[in-house]
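> can you look at this prediction? I've put the sequence above it.
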Amino acid sequence: MRALRNLAWWVADYAYAGHWQVRAFLSRTDPASFRAGDALPVVVLPGVYETWKFLQPLVAAVHERGHPVHVIDLLRRNRRPVPEMAERVREYLVDHDLHDVVLVAHSKGGLIGKRVMTSPEGVRVRAMVAVATPFAGSRYARLLPLAPTLRIFSPSDATIRALAAETAVNSRIVSLYGRFDPHIPEGSELAGAVNVELDTGGHFRILAHPRVMAEVIAAAEPAGGIRPS
């Protein structure tokens, strides 16, 4: 029964991903339209092969609550190494003089966000809400020797290991993940973080889970922040 349940979640996951990839391709929404707002700033970090438009439903919902939402166009489809992408995010925070930032990240975006948090500019980051992030890597990456963009997720990758050793910022991270993730068999639990296992499965479709939005709102409340793990 568990195998059938996981298969159903897998099928639903790819249906969701396919739908929103097409929507993202067709969307002509200007990301600058989301930068207005008086609440705490939110910076969106998509996963590999994703643009910010893949997260547009979440972006729109956060913006409607008064938060200026920043999209970093220089990430493009997020195919470059984590340190390089983190440097682009760090430069963006400095260039736009952003403080008390809440990072909202999916998958690889969470690795980029944690790298930023461990940099000198990490003081600009209030918290990060990471969804389905391979903090410990994924053993499936070892099966893709000809795909360097995905091979970086190997548990033995130098960046994955270096980030795992950086634990001081974990208390400012909320990690959300499903009971089954077809891309990350190791799971997304992060020691010292607030770990939230959702009662569903998938790597993509959990972005639409109401708990994700609830955690972003909680992290971005002026008097709120990350609750104890």
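Ah, there it is.
> tell me who's in contact with residue 13.
Shown in contact with residue 13 (Cβ atoms under 8 Å, 6 or more residues apart in numbering): 182, 201, 202, 203, 204, 205. Yep, even glycine has a C-beta here, placed from its N, CA and C like the rest.
> please identify which helix or strand holds residue 159.
helix 158-165 (DSSP states H and E).
> can you pick the most crowded of the contacts of residue 13?
residue 202 (28 neighbours; other Cβ atoms under 10 Å).
> how about it, nearest residue that isn't a chain neighbour?
Excluding its sequence neighbours, the residue lying closest to residue 202 (Cβ to Cβ, 6 or more residues apart in numbering) is residue 13, at 3.7 Å.
> next one: that neighbour, what pLDDT does it get?
Residue 13 carries a pLDDT value of 78.
> shift numbering so it begins at 294
OK, 294 is where the count begins now, so the last one is residue 306.
> so how far is residue 385 from it?
Per Cβ to Cβ, to the nearest Å, residue 306 is found 30 Å from residue 385.
> what's the first helix or strand after the longest helix along the chain?
In the chain, with assignment by DSSP state H, the single longest helix is helix 295-319. Downstream of helix 295-319, the next assigned helix or strand under DSSP H and E is strand 335-338.
> what about the strands in this structure?
335-338, 362-364, 394-399, 418-424, 466-473, 487-494 (DSSP state E).
> now do the third one against strand 418-424, angle only.
An angle of 10 degrees separates the directions of strand 394-399 and strand 418-424 when computed by axes from the mean of the first three to the mean of the last three Cα atoms, to 10 degrees.
> quick check: angle from strand 394-399 to strand 466-473?
Counting by the same axes, to 10 degrees, strand 394-399 lies at 20 degrees to strand 466-473.
> run the chain-centre distance for strand 394-399.
A distance of 6 Å separates the centroid of the chain from that of strand 394-399, by Cα atoms, centre = their mean, to the nearest Å.
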